[in-house]
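Trainee: Prediction below, plus the sequence it came from.
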Amino acid sequence: MTTAEYTAQSRQMTKDQAQQSKELAAAESAKANSNAKSSEAPAQELNQDSEIISALNLRMLQGAFIALGVGSVAAASMLLLELLFRWLPLARALRLSFHRCMRRWRRLKRSVRLFTVRILAPKLG
């Protein structure tokens, strides 16, 4: 939510509602203090109900953004590693086939040269 939405939300809350929530919180805290000897679970529930909702800011969400950044960096590095390890055997195979083609090309050039020098040159000359 943006800060404008929070300010609009706080404007909607009337002063009477704010006063009632403060009185309710004070009454619940007094009740919790008198029942301090009872179990702590109900007292914690009362304290949680009396908490006032505060506006979210980026500082509160900083941990989520850090986790998101670390996760995306880890995913990108794994993708690069996968691509690299898939590419290596393919590159090796392409290099070998390139060398084979170059050998065949050299043989073909040599045979054409021999053909022209030994067969065509005497006939032309």
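Mentor: Noted; the coordinates are in hand. Source: prediction; values computed, not measured.
Trainee: immediately after the helix or strand bottoming out on mean pLDDT in the chain, which helix or strand?
Mentor: Of all helical and strand segments in the chain, the minimum by mean pLDDT, DSSP states H and E falls on helix 40-50, at a mean of 52. For helix 40-50, the following helix or strand on the C-terminal side (DSSP states H and E) is helix 62-114.
Trainee: what's the burial count for Leu120?
Mentor: 10 (other Cβ atoms under 10 Å). All C-beta spots, glycine's among them, are computed from the backbone N, C-alpha and C.
Trainee: now Val117: how far from Lys109?
Mentor: 12 Å (Cβ to Cβ, to the nearest Å).
Trainee: Would you mind putting the CA coordinates of the strand or helix carrying Ser21 into PDB?
Mentor: If you go by DSSP H and E, Ser21 is part of helix 15-34. The C-alpha coordinates for helix 15-34 follow below in PDB (Å, rounded to 0.1, in the frame of the first residue of the first chain):
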ATOM      1  CA  LYS A  15     -11.900  10.700  16.400                       C
ATOM      2  CA  ASP A  16     -14.600   8.800  18.300                       C
ATOM      3  CA  GLN A  17     -13.400   5.500  17.000                       C
ATOM      4  CA  ALA A  18      -9.800   6.400  18.000                       C
ATOM      5  CA  GLN A  19     -11.000   7.400  21.500                       C
ATOM      6  CA  GLN A  20     -13.000   4.200  21.900                       C
ATOM      7  CA  SER A  21     -10.000   2.000  20.800                       C
ATOM      8  CA  LYS A  22      -7.800   3.800  23.300                       C
ATOM      9  CA  GLU A  23     -10.300   3.300  26.100                       C
ATOM     10  CA  LEU A  24     -10.700  -0.400  25.100                       C
ATOM     11  CA  ALA A  25      -7.000  -0.900  25.100                       C
ATOM     12  CA  ALA A  26      -6.600   0.700  28.500                       C
ATOM     13  CA  ALA A  27      -9.500  -1.400  29.900                       C
ATOM     14  CA  GLU A  28      -8.000  -4.600  28.500                       C
ATOM     15  CA  SER A  29      -4.500  -3.800  29.800                       C
ATOM     16  CA  ALA A  30      -5.900  -3.200  33.300                       C
ATOM     17  CA  LYS A  31      -7.800  -6.400  33.000                       C
ATOM     18  CA  ALA A  32      -4.700  -8.200  31.900                       C
ATOM     19  CA  ASN A  33      -2.700  -6.800  34.900                       C
ATOM     20  CA  SER A  34      -5.400  -7.900  37.300                       C
END
